[in-house]
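Enquirer: predicted model, plus sequence, below.
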Amino acid sequence: MSKQTDNYAALAAALRLRYDTVNNVIYGVWNGYTMTIYAVDARYPYWLTIQTAAKHPYGAILSKEDTKAFTKSVKPVNSCLQDGNHVRITINFAMGGKAALDKLTAAVSEGLSSFTAFLYQKGFIPCCSMCGMQKMVSPYWSEGKYYHLCPECETSMRQTLATSSKPPRQENVIAGIVGALLGSLLGVLCIVILSQAGYVAALSGVIMAVGVLKGYELLGGRLTKKGIVISIIIMLGMTYVGDRLDWAIALHRKAGGAELGLNLFECYRMVPQAVSGGVIELRAYIGNMALIYIFLLLGAVPTIYGKIKEKQQKGFLIKIGSASVYDNATMQKDLR
């Protein structure tokens, strides 16, 4: 087992809760409330979310003043949020040093005790995430979200996932390419605007990746492995176009292009000549392009990974602490 898995197992044991090693979730009952403890982002395994399902009998909700006061009063807790019948807190812990596990255990224990006391004080009773009834519930995960479901709602949710799972649409590659190109224009615009403002930001890479992938999926009908490969090629090409357009604007505005009567399109065509002639410094040109491509990589990789993961997770309902997985789609993945 990894060090993180060992720490999670030790944390669960110290709290007298259970640890699901497959789904990397700590779960169990604390002061009458069913809890799930998990890391939203795998890169930060000790930035933990503690979630339960609870509601007020008369429909009252937690105000911002309530959650803010609670967060301030409990040192380990960074935030508190109610989302329907879901109430969650976060604990951001920096793991390090010999006594770190003991400190983490103390922080989570304090967070759990304070959280349940807060809910009890506000009159919130444990319930099912879906129906809101005070029933025996179990923790589940489906399509990136955690739930606490009673047996009836677990069955209902499985049926809903089954009926909502539509057969994959036929992929239209040509329409997908058109959509990807249209989406890439947002990335090009972001590159130009940020660069003209004096910045080269990772945001441009994220916008380029999201725009291209979403554009391909919307017009192409589906985002398959073929679509991802095509989208990556378009990202690379349109990032070059965005960078060159940025230099063309610089030639037109700052290097005398406008005074010579050249329009923006003509300046765009002259960028290679400006580089070879020294009007644009070669080192600056290559350096700027390399930086933009690095940011494209930083933005595209997690975006593509997220898309793949989203497709793989669609239609599943997993009971935490159980090896059983319900695939209510068709066992046939959208992403091929």
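Expert: In hand now; what should we look at?
Enquirer: tell me the SS of the residue lying closest to Val25 once chain neighbours are set aside?
Expert: Leaving aside its sequence neighbours, Val25 sits nearest to Tyr38 (Cβ to Cβ, 6 or more residues apart in numbering; 4.8 Å). All C-beta spots, glycine's among them, are computed from the backbone N, C-alpha and C. Here Tyr38 is strand, with the state taken from DSSP: H, G, I helix; E, B strand; the rest coil.
Enquirer: how about the strands in the stretch 51-200 of the chain?
Expert: 79-83, 86-92, 125-126, 138-142, 145-149 (DSSP state E, counting those that start in this stretch).
Enquirer: who touches the first one?
Expert: Identification of contacts with strand 79-83 by Cβ atoms under 8 Å, 6 or more residues apart in numbering yields Ile61, Leu62, Thr67, Phe70, Thr71, Val87, Arg88, Ile89, Thr90, Phe115, Phe118.
Enquirer: number of residues surrounding the closest residue in space to Ser73 that isn't next to it in sequence?
Expert: Spatial nearest neighbour of Ser73, chain neighbours left out: Ser114 (7.6 Å); criterion: Cβ to Cβ, 6+ apart. For Ser114, the neighbour count with other Cβ atoms under 10 Å is 18.
Enquirer: start the count at 716 instead of 1 going forward.
Expert: Yep, numbering from 716; the last one is Ser829 now.
Enquirer: need the pLDDT of Ser829.
Expert: Per-residue pLDDT puts Ser829 at 97.
Enquirer: distance of it relative to Lys929?
Expert: 41 Å (Cβ to Cβ, to the nearest Å).
Enquirer: what's the answer for Phe1031, then?
Expert: 23 Å.
Enquirer: how about Glu858?
Expert: Glu858 is 18 Å from Lys929, by Cβ to Cβ.
Enquirer: same question for Asp781.
Expert: For Asp781 relative to Lys929 (Cβ to Cβ), the value is 37 Å.
Enquirer: who's more crowded, these two?
Expert: More neighbours surround Lys929 than the other of Asp781 and Lys929, with 19 against 16 (other Cβ under 10 Å).
Enquirer: what's the closest non-adjacent residue to the more buried one?
Expert: Spatially, and ignoring its direct neighbours in sequence, Lys929 is nearest to Gly898 (5.7 Å; Cβ to Cβ, 6+ apart).
Enquirer: the strand or helix carrying Trp962 packs against which elements?
Expert: Here Trp962, judged by DSSP states H and E, is contained in helix 940-969. Applying 3 or more Cβ pairs under 8 Å, 6 or more residues apart in numbering; DSSP states H and E, we find helix 940-969 packed against helix 888-911, helix 917-935, helix 979-984, helix 986-991, helix 997-1028.
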